[in-house]
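Participant: Sequence first, predicted coordinates after that:
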Amino acid sequence: MSIEIIFFGQLTDITACTSIEMENPGSVSQIKKAMFQQFPALIHSKFTIALNNKIVQDEEIILDNSKIAFMPPFSGG
Amino acid sequence: MNFNTERYQRQLILEGFGLEAQAKLSEAKVLIIGAGGLGCPILQYLVAAGVGNIGICDDDTISLSNLNRQVLYGQEDIGKYKVEVAVAKMIALNNQIHIKAFKERWNQSLSIEYFPQYDIIVDATDNFATRYLINDACVLLNKPLVFGAVSKYEGQIAVFNVAKDGVTINYRDLFPDPPKNHEVQSCSEAGVLGVLPGIIGVMQAAEVIKLITGIGKPLINQILIYNALNQSMYNIQLSPNQQAVNNLPKTLEAYLQINYPHLCEAAVLADSEISEIDVETWILNKADYLLVDVREINELPSIADLNPLIYPLSTIKENMEKLTNKPIVFICQSGTRSKKAVAMFLQSTQPVYSLIGGVNELIKKKIIQ
């Protein structure tokens, strides 16, 4: 079953899209690993990850049909 | 009652608002840091709504490139201090409000001196160093912080440091360490749609009014991300982060010791290693230097009149050998990417400099249009 990953702010400059779907790899850290492989420039970017609208840490387990958001800090004012 | 009921009639007749809420507004003390894209609408709407005591801080002057979004200012204000123009216009809007202007860059001493005098702090700044400086002081001094930030077509809004269900969140719970300069582009580098800080600033003003009056549900322990391109909003629930606790200064003494601008500089870009040159020095000896524009090809304004070589930062490495005959001055929009270019040349034998303030400074000094 798949999950949806959405990207905010300047992360979309790297991913060239605001969302992608992928097979559920199981945990937040595995999603990070997969994204770093697909978009190597993400390694040098700052972001925090939300699972179904809640901030989570790397070890969190992901259920199918979840929505995972990559959110960077914004500085502009 | 020390307010004019006719002026506030439209909100006084609101169910759930009334005289009691208006009295709370007139008693409230709100400090807005930043009088730019976010600060202008926040200031205008809080003054219009009758927030009795307002502090506004900004050390910058008005430039033409501000006017696409900082709609409080006009062409005739270019070159004037933002806070001076803003305060004059706010007195014209509502002379019953007490306004204190701070014509300086916000710093730790100011936080310690003035945060205790205000009920709510509003972050309308444009850089991470000041954002972390404000956040940390709000935690130490237990002040509610209404946060707003923009990037290109998106904005973030949050209310920090207000307890709800026994939990209090601050910006470091989201991002425990300040980003380094190269990790996130600023608005002057990445751009911002003019209406966006207007929308986000007005949302911040709404959060301030809700906090003061107790109406509605402020964005406590959550962050709202707004996207102007598809009019979408995304809410994220926040939770405490041990790393944030570790990184926060524990005392005001420790707070005063932190060099916030330094926290945002990349390790390879330690100031001592990067040679910089100011516009005046460079102009006087222009012929002695090779000017290299490291901005992307289509960035505006063009500085073609200055005959630069154009090598975007991403291509500098492969073009290094072409840049050998003269001392080099790198230029970018604000002076950030040009520092990175200098860092790449640290091993070279020729002198290399970053032009302080970049193209923005050339515009300010009227060297280019």
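Facilitator: Thanks, I have the structure now.
Participant: use CA for all of it now, contacts and neighbours both
Facilitator: Fine.
Participant: where do the helices sit along the stretch 251-369 of chain B?
Facilitator: Ranges of helices in the stretch 251-369 of chain B, per DSSP state H, counting those that start in this stretch, are B:252-257, B:260-263, B:279-284, B:337-344, B:358-364.
Participant: Relative to chain A, which of those is closest?
Facilitator: helix B:260-263 (13.5 Å; Cα to the nearest Cα).
Participant: sorry, back to before: ok, and which of the helices of the stretch 251-369 of chain B has the densest surroundings?
Facilitator: helix B:337-344 (a mean of 23; mean count of other Cα atoms under 10 Å in any protein chain shown).
Participant: which helices and strands sit right next to that helix?
Facilitator: Applying 3 or more Cα pairs under 8 Å, 6 or more residues apart in numbering or on different chains; DSSP states H and E, we find helix B:337-344 packed against strand B:328-331, strand B:352-355.
Participant: Can you lay out those strands as TSV showing mean neighbour count?
Facilitator: Converted to TSV, the helices and strands packed on helix B:337-344 look like this (neighbours: other Cα atoms under 10 Å in any protein chain shown):
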stretch	mean neighbour count
strand B:328-331	26
strand B:352-355	26
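Participant: just checking, which of those strands comes out with the lowest mean pLDDT?
Facilitator: Sorting the helices and strands packed on helix B:337-344 by mean pLDDT places strand B:352-355 lowest, at a mean of 90.
Participant: Which strands border that strand, and is each parallel or antiparallel?
Facilitator: Applying DSSP bridges to the sheet, strand B:352-355 is found paired with strand B:276-277 (parallel), strand B:328-331 (parallel).
Participant: partner residues bridging the spatially most central residue of chain A?
Facilitator: Computing the C-alpha centroid of chain A and ranking residues by Cα atoms, centre = their mean puts residue A:70 first, at 3.9 Å. Here residue A:70 sits in beta bridges with residue A:7, residue A:49, as judged by DSSP bridges.
Participant: Worst mean pLDDT across the helices and strands of chain A, which element?
Facilitator: Within chain A, no helix or strand scores below helix A:11-15, which has a mean of 90 by mean pLDDT, DSSP states H and E.
Participant: Check chain B too.
Facilitator: Going by mean pLDDT, DSSP H and E, chain B bottoms out at helix B:187-190, a mean of 70.
Participant: Helix or strand next in line after that one, which one?
Facilitator: Using DSSP states H and E, the helix or strand that follows helix B:187-190 in sequence is helix B:195-213.
Participant: Near chain B, which residues of chain A? Just list them.
Facilitator: For chain A, the contact set with chain B under Cα under 8 Å from any Cα of the partner chain comprises A:8-10, A:44-48, A:50, A:53-55, A:73-77.
Participant: What about residue B:79, how many residues nearby?
Facilitator: Look at residue B:79: counted by other Cα atoms under 10 Å in any protein chain shown, it has 13 neighbours.
Participant: hang on, it packs against residue B:60?
Facilitator: No - counting by Cα atoms under 8 Å, residue B:79 sits too far from residue B:60 to count as a contact (9.2 Å).
Participant: With just CA atoms, put the lengthiest helix in chain A into CSV.
Facilitator: Counting residues, the longest helix found in chain A (DSSP state H) is helix A:28-38. Output of helix A:28-38 as CSV, limited to C-alpha atoms (Å, rounded to 0.1, in the frame of the first residue of the first chain):
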residue,chain,number,x,y,z
VAL,A,28,10.2,7.7,9.0
SER,A,29,13.9,7.0,8.9
GLN,A,30,13.4,4.7,5.9
ILE,A,31,11.4,7.4,4.1
LYS,A,32,14.2,9.9,4.7
LYS,A,33,16.7,7.4,3.3
ALA,A,34,14.5,6.8,0.2
MET,A,35,14.1,10.6,-0.3
PHE,A,36,17.8,11.2,0.1
GLN,A,37,18.4,8.6,-2.6
GLN,A,38,15.9,10.1,-5.0
